[in-house]
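Colleague: Sequence isn't available, so here's the structure alone:
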């Protein structure tokens, strides 16, 4: 069976290009959401780091002052069938929809239906994360068929834990160097928690909390299912039942996340300066032999070969 390698982000920049607005609109239509751009006379520069997963599309976006518009014929011609999440990292953005007008500040995220009209204005430029998820997939996990209107969540430090985890995970996966592959199912679960709120299935809440704890403790060599259960506030048996619906045990999930993290280190720009034994230790492996065996089984190549030559 062919090994499935973690997808890698790709960078798109319009710096130095002619006809920048048209190129930017075309790139976003192909990679994220079709939008019409309104830019000031003094020019426009933008960069986007894109990551495409089997179901989700993620992007880190940086740009100078402009507005984006999604209304009327554009929605009819290029519907998304998705729900979008926008996370403000720097600069305030005005989000204007048919139901509300809000100023979105750094640390806040807005969840909306991009097949409903909206205008987003970035008067001082922007730096943000964007995620799209198929509406049908979100409904299947969250139980929410449609959004009554945009949802704004304060995910800054000390606020919503699911929103904060979503920002950290997406940000790590979109780094230009040594991007840590994002666990797609966890991103779906986190967005589902934000959409469902108090109506969320308790099992979904426990599973998301458990996976967040695993992400934050992946380097701990003695991390166990018992530790995860205690941190989540449920019994180990209950935790096993919560994970059973994903057809993956807690130990196998931890191993997969350790290996994905190791792969990111071994394919970064400074990978040739690292020792595979150090990478194994940094990812929570106590046995170099077990790490090597597990890595080769997962990716079809040795860790040393990946470190020397990069992704296949």
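Modeller: Here it is on my side, so go on. Treat the numbers as computed from the prediction; the structure is a model and nothing was measured.
Colleague: measure residue 246 to residue 296 for me?
Modeller: 25 Å (Cβ to Cβ, to the nearest Å). Backbone N, C-alpha and C define where each C-beta goes, glycine included.
Colleague: Between these two, point out the one with more neighbours.
Modeller: residue 296 (16 against 13; other Cβ atoms under 10 Å).
Colleague: Please identify the helix or strand for that one.
Modeller: helix 288-299 (DSSP states H and E).
Colleague: again with residue 121
Modeller: strand 118-122.
Colleague: Flag every buried residue along that strand.
Modeller: For strand 118-122, burial by neighbour count (16 or more other Cβ atoms under 10 Å) applies to 118-122.
Colleague: Over to stretch 240-251?
Modeller: Applying 16+ other Cβ under 10 Å to stretch 240-251 flags 242-243, 250 as buried.
Colleague: Let's see which of those residues end up in helices.
Modeller: Within the buried residues of stretch 240-251, residues falling in helices by DSSP state H are 242-243, 250.
Colleague: tell me which element the spatially closest residue to residue 241 that is not a sequence neighbour is part of?
Modeller: Counting by Cβ to Cβ, 6 or more residues apart in numbering, the nearest residue to residue 241 once its immediate chain neighbours are dropped is residue 203, at 7.9 Å. Taking DSSP H and E as the definition, residue 203 sits inside helix 202-216.
Colleague: chain center to that helix, what's the gap?
Modeller: Relative to its chain's centre, helix 202-216 lies at 16 Å (Cα atoms, centre = their mean, to the nearest Å).
Colleague: immediately after it, which helix or strand?
Modeller: helix 225-232.
Colleague: ok, and for that following helix, which residues are buried?
Modeller: Those would be 225, 227-229, 231-232, for helix 225-232 by 16+ other Cβ under 10 Å.
Colleague: again with stretch 75-85
Modeller: 75, 80, 82-85.
Colleague: how long is that stretch from one end to the other?
Modeller: One end of stretch 75-85 sits 17 Å from the other (Cα to Cα, to the nearest Å).
Colleague: do the same with stretch 75-91
Modeller: With Cα to Cα as the measure, the ends of stretch 75-91 fall 27 Å from one another.
Colleague: Please name every helix or strand in contact with the strand holding residue 121.
Modeller: strand 66-70, strand 93-97 (3 or more Cβ pairs under 8 Å, 6 or more residues apart in numbering; DSSP states H and E).
Colleague: Could you spell out the sheet neighbours of it, each with its direction?
Modeller: Partner strands and pairing direction for strand 118-122 (DSSP bridges) are strand 66-70 (antiparallel), strand 93-97 (antiparallel).
Colleague: Turn those strands into a markdown table, including distance to residue 20, mean neighbour count and mean pLDDT.
Modeller: Below are those laid out as a markdown table (distance: least, Cβ to Cβ, whole Å; neighbours: other Cβ atoms under 10 Å; pLDDT from 0 to 100):
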| stretch | distance to residue 20 | mean neighbour count | mean pLDDT |
| --- | --- | --- | --- |
| strand 66-70 | 10 | 19 | 96 |
| strand 93-97 | 20 | 18 | 95 |
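Colleague: Save those as a markdown table, and put in distance to residue 149 too.
Modeller: Shown next, in a markdown table, are the strands paired with strand 118-122 (distance: least, Cβ to Cβ, whole Å):
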| stretch | distance to residue 149 |
| --- | --- |
| strand 66-70 | 15 |
| strand 93-97 | 7 |
